[in-house]
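**Student:** pasting the sequence and the predicted coordinates here, then a few questions.
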Amino acid sequence: MIRSSELFIFDESFKLIINVMEVISDFQVKPLVGEVYSYGWKIMKKNFLPLFLVILIVGVFGAPVSSMDNDHSAGIILKVFGLAFVLFVLNPIEYGADYIFLRAVRNVKFEVRDIFDGFKNYLNVVLAALLAGSIIVIGFILLIVPGIVFACRLAFVPYLVMDKKLDPVKAIEESWRLTKGFGWRIFGMALLAFPIVIAGLIVLFVGVFVSIIWINAAFATMYQAVLEERGENEAIVEPLNDDLTEQ
């Protein structure tokens, strides 16, 4: 015999599935530079405080590395330590932040502590960041243009590792496939990011954070818009919240 609590959980689960499907099916943004930045602005306004905190956390963890890069007197040991810190600590946090922005774009509930979700898929995150970063660096060493191409075509790697739980090689391959035909648009987004950041600098401290949040929301929007464009926007149903299952 089905208990009332089980019926309640089933009913709430069904509502959650319907809500997520409606959110994704109502996503009408095209993978165009103007549209994704416009939608990203809306996401930023709707979720400003939690996304501000997310960016602040990333900045706190990244600050020591930035200071090392700017300190020309830093020894080789400190440089190596900085690279290791980026690979093993900062990258998982940045991947978690990217996933939070994607959840915000999908209008799926998130919490700031989700920024550490990259550590739940730690090995794939570290290896994907290492592989993608190495490919981009090699591209810049050979010639500037290949590095730019690789950076644009591998822009979706963090989302694919966190969203689809792909391993590093598959994430690279899938990002290359998804961004085919969209490389110039992603490059255009990167170019537009420069004046946005400059405008943020003009209005000092808060403006910089607004710029960074806006840009991150726009790139997450582009990923979702490309999935929609390619018809690969299968409903992504989040697990039931702990507080829901306890009721």
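**Tutor:** Noted; the coordinates are in hand.
**Student:** angles on the backbone of the most centrally placed residue in the chain, please.
**Tutor:** By Cα atoms, centre = their mean, the mean C-alpha position of the chain lies nearest to Asp98, the distance being 2.0 Å. With angles defined as degrees, to the nearest 10, Asp98 sits at phi -60, psi -40.
**Student:** pull the contacting residues for it.
**Tutor:** 158-159, 162, 216, 219-220 (Cβ atoms under 8 Å, 6 or more residues apart in numbering). Yep, even glycine has a C-beta here, placed from its N, CA and C like the rest.
**Student:** how about Pro146?
**Tutor:** Here Pro146 is in contact with 139-140 (Cβ under 8 Å, 6+ apart).
**Student:** what does the one 10 residues further on give?
**Tutor:** Taking Cβ under 8 Å, 6+ apart as the definition of contact, the neighbours of Phe156 are 174-175, 178-179, 223, 226.
**Student:** try Tyr159
**Tutor:** Counting by Cβ under 8 Å, 6+ apart, Tyr159 has contacts 98-99, 102, 220, 223.
**Student:** with secondary structure and pLDDT added, can I get the contacts of Asp98 in a markdown table?
**Tutor:** Below are these laid out as a markdown table (DSSP: H, G, I helix; E, B strand; the rest coil; pLDDT from 0 to 100):
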| residue | secondary structure | pLDDT |
| --- | --- | --- |
| Pro158 | helix | 98 |
| Tyr159 | helix | 98 |
| Met162 | helix | 97 |
| Asn216 | helix | 98 |
| Phe219 | helix | 98 |
| Ala220 | helix | 98 |
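**Student:** just the buried members of these?
**Tutor:** Among those, the ones that count as buried by 16 or more other Cβ atoms under 10 Å are 158-159, 162, 216, 219-220.
**Student:** got these as TSV, with distance to Pro31 columns?
**Tutor:** Converted to TSV, those look like this (distance: Cβ to Cβ, whole Å):
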residue	distance to Pro31
Pro158	17
Tyr159	14
Met162	20
Asn216	16
Phe219	11
Ala220	12
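**Student:** ok, so of these, who is nearest Phe88?
**Tutor:** Distances from Phe88 to the buried ones among the contacts of Asp98, taken as Cβ to Cβ, are shortest for Pro158 (15.7 Å).
**Student:** quick check: closest non-adjacent residue to that closest one.
**Tutor:** Nearest residue to Pro158, sequence neighbours excluded (Cβ to Cβ, 6 or more residues apart in numbering): Asp98, at 4.4 Å.
**Student:** rewinding a little: just curious, which of the contacts of Phe156 is nearest to Val145?
**Tutor:** Thr179 (16.1 Å).
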